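Visitor: sequence first, then the predicted structure:
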Amino acid sequence: MSTAGFNPQNGTGTGQAYANGPTQNPVALQQLPGVNYGMTHQPTYNPMQAKAPAPPGPGLYPTGPYQPVPPVSSYQPGPPPTSYPPPLGQPLLARPQMTGPPSHTPPQSASPSPGPRLPPAQATPPPPAVSSSSYYQNPQLPQPLAPTWQYNTAPPPMGPPTSMNTPPRGLPANHVSPATSSTAPPPPPPMSSAAYSSAPPAHMSHTAAQPPGPGIPPTSLHGYTQPGPAPPPMNPMAPHTYQPNRGPYGPLPTGPPPTMKPAPPPTGPPVANATPPPPPDAQCGGAVDSTLSPTESDNQEGDIECPGTVAGNGPQAPNSYNHVDNKMAGPPQPGPPGRHLGHYPSLPPGYQNTPTPHSTAPPTLPYSQAPQPYQQPPVGPGPAQLSPSLAAMSLQSSTPEALRVVNLLQERNLLPPTPIPAPTPCLQQDLQKVNCNPEVFRCTLTSIPQTQSLLNKAKMPLGLLLHPFKDLSQLPVVTSSTIVRCRSCRTYINPFVSFLDQRRWKCNLCYRVNDVPEEFMYNPVSKSYGEPHKRPEVQNATIEFIAPSEYMLRPPQPAVYLFVLDVSHNAVETGYLNVFCQSLLDNINALPGDSRTKVGFITFDSTIHFYNLQEGLSQPQMLIVSDIEDIFLPTPDSLLVNLNECKELVQDLLKSLPTLFEKTMETQSALGSALQAAFKLLSPTGGRMSVFQTQLPNLGVGALQSREDPNQRASAKDIQHLPPATDFYKKLALDCSGQQVAVDLFLLSSQYCDLASLGCISRYSAGSVYYYPSYHHQHNPAQVECFQKDLKRYLTRKIGFEAVMRIRCTKGLSIHTFHGNFFVRSTDLLSLPNVNPDAGFAVQMSIEENLDDMQVVSFQAALLYTSSKGERRIRVHTLCLPVVNSLSDIFAGADVQAITGLLACMAVDRSVTASLSDARDAMTNASIDSLSSFRQSVLTIQQPGLLAPACLRLFPLYILALLKQKAFRTGTSTRLDDRVFAMCQLKYQPLAYSMLMIHPALYRIDDLTDEGALNINERTIPQPRLLQLSVEKLSREAAFLMDAGTVMYLWVGRNCNPTFLTQVLGVPSYAAVPENLYLLPELDTAESQRTRAFIGWLRDQRPFFPSLQVIRDESQRKAGFLQNMIEDRTESALSYYEFLLHLQQQISK
């Protein structure tokens, strides 16, 4: 099928090489003549910029000449083994000059190994050099030509340039700040697109920044206002909006972007009691791309965006409400205890008669006026209220915990003993109570800067991380013939809109005033009339709608499952076929679906085998097609059959398949032709294709050749062959996406399979990749257990078909780059032929227009899908965050884990489109830039040392962990498929799962107790402390568990407590611990029950099954365990302390 109708940003189908980087707006890539990115907007911060090449020198990074610098500090507290001895005269790197060829040879240094935990007689690698001459580039110097990560910026406009240099409007008159606040800084001089001003504007100084005043003019977006006198003026000396004891935060953004802006509000007054038709919309109804097939219609541009909100359009479904949807909520995903979605605060109503703004011009009323009381019932604020003065945010006179200054070189034990919670945005309590769960929707900055220039100055990324289809234990579901949406920008009504009165509500994204439909006046929860603000849609930030008929342009598709199985000699040898057939037999009645569910099977080696399972046959009939160059379907109508009607034939086939090919000697694999056949079979309906492959495809279309050189696995130079070798699999994935087919790939192999090429079939069709290296049913039983558990979850988990997702944000913000597995259709609509509860997504954002007049902004993700039962559903998540105008508030709201997760996505794209060394340098620069900005722009008293705010204290550690992660490490032997799979996981795993792969959790488990334990379902779950990832935390008298996400290591010390050996491992002595132990025996002892309960609880918190490896002190598998000791030095990578010294040297230049 031709792909000419698909968005060219993902490939044109004309045979050109496909870039495997982030998807971007094709319009935005049309550069204006003579204009560089960043020249028309405020100069932008670019942390992932590929700096100039470094001069020759050894190192993990391109390194420069050594400059002897005495160590700044060493850890003082503690005995010598736990402090970092300063290497005498250890040279630190200076930033290299702009000239000289790049080099990546390993370092040589005469410095002795620091500390007793490192192997003796090994050279100390030098710190990584940041390949850049300076962060404030001299326009006269030659600019690097390598691609850059455009950070937090949208592309230049296609019309007259919009100035982003104007400072925010002056502060309220009743909040007079020092004289600096009233004068705007002079416009910055002309700069290159990568430069930014080093002098902070006066109005953004740490001491002068003030919170917004209480007097909000009627044109503000606040809805409910409590009657009575004006609130007292706020303390003018309170610059911070953050409460103490806040945890760290989140991820970052990449690349030039497609912009997403809601439609502007109407310029005229609203027509009373009228329902104007929805405005024409490029993503709407009749504007669907004419090249799309008719079968796509119910899932494409028109779906989420087009249907109107007029009551009475379509069938009048009963106006009902289910507080918890047991059918669709899925099994609860255990996790840290927290607020359940679906909680309804019972708040009384209140309305205000705010006139509709006729334009986006700022209000002219003086801020010194107290807000006027409006006519409303004498009751408290409603749930949609945006408090006139977010007073609780900025009344602290002391520094919040998030901004407590930490000297990273002196404070050793920075890792908290318990998992880090997501930070809480500083919102008024009523708003925060109904805000979206951070496990579903999370932002890298929980305080949004007022301007792009302020964001650039903070040098931190702005982006969102989503887990939109996550299994939820509480999911409010609403059935209504009217789904209330903004007529201008199509936002779904949510807890953060404002009700002007009972009949009108103001959109919190574009500020348009909309009518409240008559049906919305009735509340199905309280069975009352006239209180629209109490409806479940306005009480829950996450909600699901049963969509009426206008959200369907064709009948909802049935659940269709097609299994494509490799049956070559290599596949039969691995033994996977037995496990697959038995697992499907065990779970066939649990496949999601209804009476329409269909299944089919294709097997392949050098030929393609179809199976006729038509009702009435006495046994399955195999049909072989040997012409793989021109594949066809032998009996199109009997290859996909109704599961209920033909279940016995399907079961017969599954029982006979493993023996059918057990004697085969066929070694070739025609995977490409098998995929083409499967695509033809699924095209009429759409559905899910599950592909099982065990070797490199070597026959017919899509054939590949081995590109891996085993001698280069440990290379310290750039890694080759990360991009795909052919565009065949991407083109086919785009064809699949157009026909609502998703492809999931299971790769079970001991040899190189070119996952970089094969993975495209899943990436662009919104599928998943599962990888089991060295899989063998006898030699690797741990992998067999993983495969069995993963397959059970895969076959039985919830699934959504023919889905699309769109993310909207408040006017002034724009979304420009997406990360995850999908195809981008029409600039901002993600096409998801299948959506599963284990998929995560990330987006990068920029600030296009100043947010001066706003105190909060909102983000909304809407996912339209067909359930396995054939219902059209819409799941909506809405997140609200405060807007701030001081750098200190931005830093206080930084989510270090979300920032790390977004950086990881960006680094994967940079590795594929540029080089691995580029990505490594960019990640290092990101930590240098943010800490440098904090030191220069937030700290009022300069102190020696490497200083960070408490909320970012783990940022350098997480960056070092990324540099040592399998996806990005150099100098350590890493198979190419292993590296590519690690990159795939970082791109599409939800943040909670990917953080464990970046920075594993280490626990001591030979002394578990019930102290502080959790009690879950009558099970007692011990809660041991988290330990730093360093061998100095290990003891040969103990046992330790390392949770690295996809694998768990149980390391047993040589002199381990005999009680642990006998009561937990069931062996009499250390010498009796088996070499390949992967299962803990179920012993009837308290120690065994505690240990198994703790490991089981950790496993239950993720959808995939991590294997367990029990490792003795001298085991060969110990190397994998020690490679996760992030803080220790290796032959090819720095220790944490050396990395900190390097950061300090770069910052202090």
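Guide: Noted; the coordinates are in hand.
Visitor: so where is the stretch 851-1000 of the chain shaky, pLDDT-wise?
Guide: Of all residues in the stretch 851-1000 of the chain, none has pLDDT under 70.
Visitor: wait, I meant the chain
Guide: Applying pLDDT under 70 to the chain flags the ranges 1-398, 713-714, 716.
Visitor: scan it for its longest helix.
Guide: Secondary structure of the chain per DSSP state H: the longest helix is helix 916-937.
Visitor: CA atoms of that one as CSV?
Guide: Taking Å, rounded to 0.1, in the frame of the first residue of the first chain, the C-alpha atoms of helix 916-937 are listed here in CSV:
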residue,chain,number,x,y,z
LEU,A,916,26.2,8.6,20.7
SER,A,917,29.0,10.9,21.8
ASP,A,918,26.8,13.9,20.9
ALA,A,919,24.1,12.6,23.1
ARG,A,920,26.5,11.9,26.0
ASP,A,921,27.9,15.4,25.8
ALA,A,922,24.5,16.9,25.6
MET,A,923,23.3,15.2,28.8
THR,A,924,26.4,16.3,30.6
ASN,A,925,25.9,19.9,29.4
ALA,A,926,22.3,19.8,30.6
SER,A,927,23.4,19.2,34.2
ILE,A,928,26.2,21.8,33.9
ASP,A,929,23.8,24.4,32.5
SER,A,930,21.0,24.0,35.1
LEU,A,931,23.4,24.1,38.1
SER,A,932,25.3,27.0,36.5
SER,A,933,22.0,28.9,36.1
PHE,A,934,21.0,28.2,39.7
ARG,A,935,24.4,29.5,40.9
GLN,A,936,24.4,32.6,38.8
SER,A,937,20.8,33.7,38.9
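Visitor: name the next helix or strand downstream of it, please.
Guide: strand 947-949 (DSSP states H and E).
Visitor: residue 610 - that's part of a strand, no?
Guide: Yes: the assignment for residue 610, made by DSSP: H, G, I helix; E, B strand; the rest coil, places it in a strand.
Visitor: which SS class is the closest residue to it other than its chain neighbours?
Guide: Excluding the flanking residues, the one nearest residue 610 by Cβ to Cβ, 6 or more residues apart in numbering is residue 623, at 4.4 Å. The way it works is simple: take the backbone N, C-alpha and C, and place the C-beta from them, glycine included. Under three-state DSSP, residue 623 falls in the strand class.
Visitor: residue 411 too?
Guide: coil.
Visitor: list the contacts of it.
Guide: Taking Cβ atoms under 8 Å, 6 or more residues apart in numbering, we find residue 411 in contact with residue 953.
Visitor: same check on residue 1104?
Guide: Contacts for residue 1104 (Cβ under 8 Å, 6+ apart) come out as 786, 789, 790, 793, 838, 993, 1046.
Visitor: okay if I get the residues you listed as a markdown table plus neighbour count?
Guide: Formatted as a markdown table, the contacts of residue 1104 follow (neighbours: other Cβ atoms under 10 Å):
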| residue | neighbour count |
| --- | --- |
| 786 | 22 |
| 789 | 16 |
| 790 | 18 |
| 793 | 18 |
| 838 | 21 |
| 993 | 20 |
| 1046 | 19 |
